[in-house]
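1. mind looking at a prediction? Sequence and model below.
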Amino acid sequence: MSKLYPGLYKRGRTWWVKFTDPSGEPVYRSTGKTNEREAVAEAKEIEAKTRENSKVVEGLPLAFQSILFRAAHESHAGKLTLARTEDLLRELHRLGNPDYERVSLDRHLAKWIADQVEHVSPRTIQIIGVRNSGSIIGVKGA
């Protein structure tokens, strides 16, 4: 087994690569190389070509597959840190939820109070008096 690339292994003098295609089927291919570094480069090309020529896993777009593939390789190489994992998860989240907006509690409460103005009396709005970024919305007893 190679320490430089996951799934790269030696049969005789030749390096081979084993990986899973997008449909989940195992793929075994000879790199035709006897030098490990050359075999790594060839293995990357073999995998890339196989993925390009394969159908997309049903319900899983290529963008998601790419992120998961990177995470798997980095993890296998021992280079997947917690910070990197969080970055990859954020990337997945952005892809899956493009309209997602992170809202602070102060901003949420300010919007909620503004939305309530037409449904409740001015006195109720004054009593709510929620802090927003150091200032008070509505003054109690005014």
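-> Perfect, I can see it now. Note that the coordinates shown come from a computational prediction; the quantities given were computed from them, not determined experimentally.
2. now do the biggest helix by length in the chain: which elements does it pack against?
-> Counting by DSSP state H, the longest helix found in the chain is helix 36-53. Under the contact definition 3 or more CB pairs under 8 Å, 6 or more residues apart in numbering; DSSP states H and E, helix 36-53 sits against strand 8-11, strand 14-20, strand 26-30. Where C-beta positions appear, they are placed from N, C-alpha and C, glycine not excepted.
3. most packed of these?
-> strand 14-20 (a mean of 18; mean count of other CB atoms under 10 Å).
4. relative orientation of that one and strand 26-30 in degrees?
-> 160 degrees (axes from the mean of the first three to the mean of the last three CA atoms, to 10 degrees).
5. other residues contacting strand 14-20?
-> The contact list for strand 14-20 (CB atoms under 8 Å, 6 or more residues apart in numbering) reads 2, 5, 7-10, 26-34, 36, 39, 42-43, 46-47, 50.
6. then stretch 66-86?
-> Outside stretch 66-86, the residues within contact range by CB under 8 Å, 6+ apart are 5-6, 51, 88, 91-92, 95.
7. so which of those residues is the most crowded?
-> For these, the largest neighbour count, defined by other CB atoms under 10 Å, is 23 neighbours, found at Y5.
8. how about that residue, secondary structure?
-> Y5 carries the three-state label coil when classified by DSSP: H, G, I helix; E, B strand; the rest coil.
9. residues contacting it?
-> Contacts here follow CB under 8 Å, 6+ apart; on that basis Y5 touches 17, 39-40, 43-44, 77.
10. any idea how far K18 is from S104?
-> 48 Å (CB to CB, to the nearest Å).
11. picking up where we left off before, dump the helices and strands packed on helix 36-53 to a markdown table, plus distance to L109.
-> What follows is those, written out as a markdown table (distance: least, CB to CB, whole Å):
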| stretch | distance to L109 |
| --- | --- |
| strand 8-11 | 55 |
| strand 14-20 | 48 |
| strand 26-30 | 53 |
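12. for this structure, what helix or strand is lowest in average pLDDT?
-> In the chain, no helix or strand scores lower on mean pLDDT, DSSP states H and E than strand 131-132, which sits at a mean of 41.
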